[in-house]
Each structure stands twice: as structure tokens, then as C-alpha cells.
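Visitor: Structure, please.
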Amino acid sequence: MGKNRRVLAVLFLVLMLWAVFVGGRLPYFILTVFTGLLLFSYYSVYGYTRNITSFFWSSSTSVQVGDVIEVGYKLNNTGILPIAHGEIEFRGANQLSSANIPRELCFIKPLQILNIKRSLICRHRGFYDIGNLTLYVRDLFHIFEKAIDFHNVMMLEIYPRVVEIQAMNLPATEYFGTVAVPHRTYEDYTSLESLQKYVQGDSIKKVHWKLSAKMDQLYVKNYALSGNTRIHMFLDGNENSFCQDTDRIIEEKLVETAASIIAYVLKKDLSTALHIQWQERSYIEGRGIEKLPYFLKELMRFQPNGKISIEDFIANASRMLSAGSTLMVMVVQLTEVLLYKLVALKGKRLNLMLLLVSDGLPEDLEKKTDFLKRNRIHMIRVGQLEDIYSKLEGSPWISTK
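Guide: Next up, the predicted model:
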């Protein structure tokens with residue numbers, strides 16, 4: 001385009017000099033026609049484009065990572081002249097995809113409504129305004145160009161994907177929420193499970209006297225086996241931990257794993273607290289599956305741009321935790337400082353869980369894993385391409401007591 005302008009500028013100068021110094025009707029006629037074409041080209045770009053209006057729509061305003069949505073754009077040329085050459089850049093939609101959508105060439109006739117529809121894969125969670133589109137308009141001779149920005153507020157919430165887990169072993173403590181355990185010492189005398197005939201060795205305290213009198217035979221009560229637990233989940237939000245995660249794959253895997261575990265423990269009616277230290281400190285707690293949307297909204301907002309290390313964050317926050325609480329730490333790097341910090345917390349009667357989300361296999365990983373096992377701290381590693389369900393379903397978490 002710059003080359004065309006230079007050529008036309010030289011041509012205009014030559015025609016003007018020819019008309020001035022030679023004179024005559026023909027030179028001035030050619031100069032007049034040429035000038036008229038330049039003015040028409042200028043108007044078709046800078047003056048006529050005010051006649052273009054827009055309308056945007058999307059098939060959904062709230063989805064999960066991995067879902068496919070349809071986004072539609074309508075451009076209406078309300079004038080009597082065509083848009084001879086246009087290029088459409090999908091600025092809002094490009095935020096959702098790792099690969100930019102190429103510009104699309106278009107020709108818009110007078111009084112025509114141009115309909116454009118795209119199917120997009122939501123690859124990253126977050127809060128996006130996808131109602132942004134830029135139309136680059138050029139004249140017939142590609143001399144002038146103008147960028148027209150259209151902005152219709154069209155917000156899209158992309159929540160982390162939740163993998164449904166059926167069974168995950170958790171340690172029992174003396175706090176809020178219940179989890180099934182295999183020992184009779186955890187019988188819940190407020191939850192009657194079944195009745196059976198008395199056999200020698202059954203506790204006389206468990207005899208159902210009314211039923212026994214009616215049936216003329218002793219019957220005893222069986223109670224549900226359950227222990228109580230409370231989960232405190234800590235997410236690594238330090239920016240240095242994610243410096244090599246340029247495509248945000250590990251970040252998404254970390255959040256997806258956290259969301260799946262939170263959904264499971266809330267479904268089990270366990271009291272759950274989420275601690276995140278990033279640009280701001282986030283804390284949210286709840287109990288019951290109906291609280292899941294609040295946790296997912298917080299995870300949707302999360303960005304690993306914090307300045308405080310996960311080791312310092314845990315050290316400060318753990319002072320407020322009661323003995324017997326379950327501490328679940330989710331990190332993307334396993335440092336020696338973190339290992340010794342976890343061992344120190346073990347002495348405070350906390351149940352420790354460590355989950356490492358990483359594809360890297362440092363040479364000392366086996367050594368660090370052995371160190372954790374010796375201190376009765378079990379670790380599970382989830383790779384970026386590994387299935388979360390297969391890693392967590394029936395996972396052998398062990399108590400650190």
C-alpha cells in the first residue's frame with residue numbers, strides 16, 4: 001500500500017506539472033479525472049464507512065475448558081456503495097484459541113448483511129470479552145486503508161474442566177464432614193445402617209430392645225462407619241514456578257486437578273477451604289456440592305503471578321490450622337525447601353497430601369520421593385497429558401499420623 005501511494009503521488013505531481021506548463025484541455029481533463037478518483041477513493045474509505053453497523057452473538061455465555069461454542073458476527077452495510085475490499089480480524093475470538101484465526105477477506109454489497117459464524121474451542125479458563133472485531137477497509141486502488149473497531153459487550157466465562165471422581169481415599173480426623181473408614185472405632189451412632197440378629201460378641205449397648213421384644217429374639221443395630229475430616233487445599237501461585245509454562249498447559253492441568261478434587265470432597269459433604277496466593281490472596285471455604293460454583297469461579301480467576309513462594313505461604317497460613325486438619329498442597333515444582341517444610345508441618349499433627357503437576361522428571365525426583373515415603377508423606381504426580389481420573393481414582397493417599 002505504501003508503494004502504491006508513492007507511485008500515485010509521483011503520477012499526480014507529473015500530471016499537475018504537465019497541465020501547468022503545457023496547458024490545454026486534455027492535460028487538465030486528465031488531471032481532473034485523476035483527482036476525482038483520488039477523492040472518491042478517500043471518501044469510500046474514510047467517509048463512507050460510518051454506514052457500517054454490527055451485531056454479535058454466541059451460543060453460550062458460560063462453558064468449561066474444552067467445550068466448543070459458536071460465535072456469530074453480522075456486519076450491515078446500510079449505504080448505497082459497496083465495501084470493495086475488506087479484511088476482518090477476529091480480535092475477541094482470538095483470545096480463546098492458542099492459534100490465531102486468520103483474517104478473512106470480504107466484499108460487502110450495498111444494503112447487504114454479512115453473516116460470519118465460527119466454532120471455537122475454549123482452551124483456557126478465564127473471563128473474556130469476545131465482542132471485539134476489527135474491519136480493515138481499503139479502496140479499489142489500495143491507496144487508503146482504515147481500521148474500524150466494533151465492540152459489542154459479549155462476555156464469556158470459561159470455567160475449569162471438572163473430572164468426576166468416584167472414590168478417593170482420604171484420612172479421617174476429628175473435624176467437620178464425613179468420610180467412609182474401615183474401622184469399627186469410627187462408628188457413627190447417629191447414622192443407622194442396618195439391623196441383624198444378635199451373635200455372641202456383639203455389644204449389649206447396640207441391642208434394639210423394641211424390635212427384640214416384638215420379634216421375641218435379640219436384634220442389634222449396625223451403624224455407618226464414618227470419620228470426620230476437613231480439607232485445606234493450597235495452590236502454588238508463584239510466577240517463578242510457571243516461568244517455563246509459556247503455553248499455560250501445566251497451569252490449566254493444575255487448576256483442572258484442583259477443581260476435580262474439590263468437586264469430589266464437596267460431593268462427600270466435607271468442609272473444604274481453598275487457599276491461593278497470587279497477585280491477590282484468595283480464600284474461599286464451603287461444604288456441600290452446591291458450593292462448587294463458588295470454588296470454580298475463584299479458580300477461573302486464578303493467574304500464577306504471585307510474588308510469595310508456596311513454602312512461605314504455607315508456613316504463614318498453617319499457623320491458623322487446627323491439629324487434625326488435612327493439608328493438601330498442589331505444586332508444579334518440588335523443592336527441598338518445600339520437602340522440609342512439609343516434614344515440619346507433620347509434627348503439628350496435620351494430615352499431609354502432596355500433588356505434583358509436572359511433566360519434568362528431575363534427576364533427584366526419586367530421591368525426593370523416597371524422602372517423602374520415609375516421612376510417611378505420599379505424593380502423586382500428574383503429567384500434562386495424563387488422565388486425572390486414572391491418577392486420582394482410588395489414589396492411595398495415606399495419613400501422616
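Visitor: Quick check: buried residues in the helix or strand where Tyr340 lies?
Guide: Using DSSP states H and E, Tyr340 sits in helix 336-346. By neighbour count on 16 or more other C-beta atoms under 10 Å, the buried set for helix 336-346 is Leu338, Leu339, Lys341, Leu342, Val343, Leu345, Lys346. Where C-beta positions appear, they are placed from N, C-alpha and C, glycine not excepted.
Visitor: and which of those is nearest to Phe127?
Guide: Relative to Phe127, the closest of the buried residues of helix 336-346 is Leu338; by C-beta to C-beta it sits at 30.8 Å.
Visitor: who's in contact with the residue lying closest to that closest one once chain neighbours are set aside?
Guide: Among residues not flanking Leu338 along the chain, Glu311 sits closest, at 5.2 Å (C-beta to C-beta, 6 or more residues apart in numbering). Neighbour list for Glu311: Thr335, Val337, Leu338, Lys341 [criterion: C-beta atoms under 8 Å, 6 or more residues apart in numbering].
Visitor: Format those as a markdown table; extra columns: pLDDT.
Guide: Converted to a markdown table, the contacts of Glu311 look like this (pLDDT from 0 to 100):
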| residue | pLDDT |
| --- | --- |
| Thr335 | 87 |
| Val337 | 89 |
| Leu338 | 90 |
| Lys341 | 88 |
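Visitor: Could I get the full set of helices for the stretch 1-150 of the chain?
Guide: 2-22, 25-42, 91-94 (DSSP state H, counting those that start in this stretch).
Visitor: returning to what we had before: so which bits of the helix or strand where the residue nearest to Leu338 lies are buried?
Guide: Taking DSSP H and E as the criterion, Glu311 maps to helix 310-317. For helix 310-317, a neighbour-count test (16+ other C-beta under 10 Å) marks Ile310, Glu311, Phe313, Ile314, Ala317 as buried.
Visitor: what pLDDT does the first one get?
Guide: Spelled out, it's Ile310. The model reports Ile310 with a pLDDT of 90.
Visitor: what do you get for the third one?
Guide: Per-residue pLDDT puts Phe313 at 90.
Visitor: which of the helices of the stretch 1-150 of the chain is buried the deepest?
Guide: Burial of these is given as mean neighbour count (mean count of other C-beta atoms under 10 Å); helix 91-94 ranks first at a mean of 20.
Visitor: Make TSV from the buried residues of helix 310-317 and add distance to Leu111 to it.
Guide: Formatted as TSV, these follow (distance: C-beta to C-beta, whole Å):
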residue	distance to Leu111
Ile310	60
Glu311	65
Phe313	61
Ile314	65
Ala317	63
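Visitor: which pair in those spans the largest distance?
Guide: So for the buried residues of helix 310-317, where distance means C-beta to C-beta, the most widely separated pair is Glu311 and Ala317, at 11.3 Å.
Visitor: Return the closest of the buried residues of helix 310-317 with respect to Ala259.
Guide: Nearest member of those to Ala259, counting by C-beta to C-beta, is Ile310, at 18.5 Å.
Visitor: Against Pro304, how distant is that closest one?
Guide: For Ile310, the distance to Pro304 equals 11 Å [C-beta to C-beta, to the nearest Å].
Visitor: try Lys205
Guide: 54 Å.
Visitor: for Arg91, same thing?
Guide: With the distance defined as C-beta to C-beta, Arg91 ends up 25 Å from Pro304.
Visitor: Lys205 and Pro304: who's more crowded?
Guide: Neighbour tally, Lys205 and Pro304, criterion other C-beta atoms under 10 Å: the higher count belongs to Pro304, 23 against 8.
Visitor: which residues touch that one?
Guide: By C-beta under 8 Å, 6+ apart, the contact list for Pro304 reads Asp236, Gly237, Asn238, Glu239, Ser241, Phe242, Glu251, Trp278.
Visitor: Then Val220?
Guide: With C-beta under 8 Å, 6+ apart, Val220 has these contacts: Leu195, Gln196, Lys197, Tyr198, Asp202, Ser203, Lys206, Val207, His208.
Visitor: next one: Arg5
Guide: Arg5 neighbours (C-beta under 8 Å, 6+ apart): Ile143.
Visitor: one more time with 10 Å, if that's ok
Guide: Neighbour list for Arg5: Phe141, His142, Ile143, Phe144 [criterion: C-beta atoms under 10 Å, 6 or more residues apart in numbering].
Visitor: Filter those residues down to the ones in strands?
Guide: Judged by DSSP state E, the subset of the contacts of Arg5 located in strands is empty.
Visitor: now those as JSON lines including pLDDT and neighbour count?
Guide: As requested, those are arranged in JSON lines below (pLDDT from 0 to 100; neighbours: other C-beta atoms under 10 Å):
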{"residue": "Phe141", "pLDDT": "77", "neighbour count": "17"}
{"residue": "His142", "pLDDT": "79", "neighbour count": "14"}
{"residue": "Ile143", "pLDDT": "81", "neighbour count": "18"}
{"residue": "Phe144", "pLDDT": "84", "neighbour count": "18"}
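Visitor: And those residues, which is closest to Thr369?
Guide: His142 (63.5 Å).
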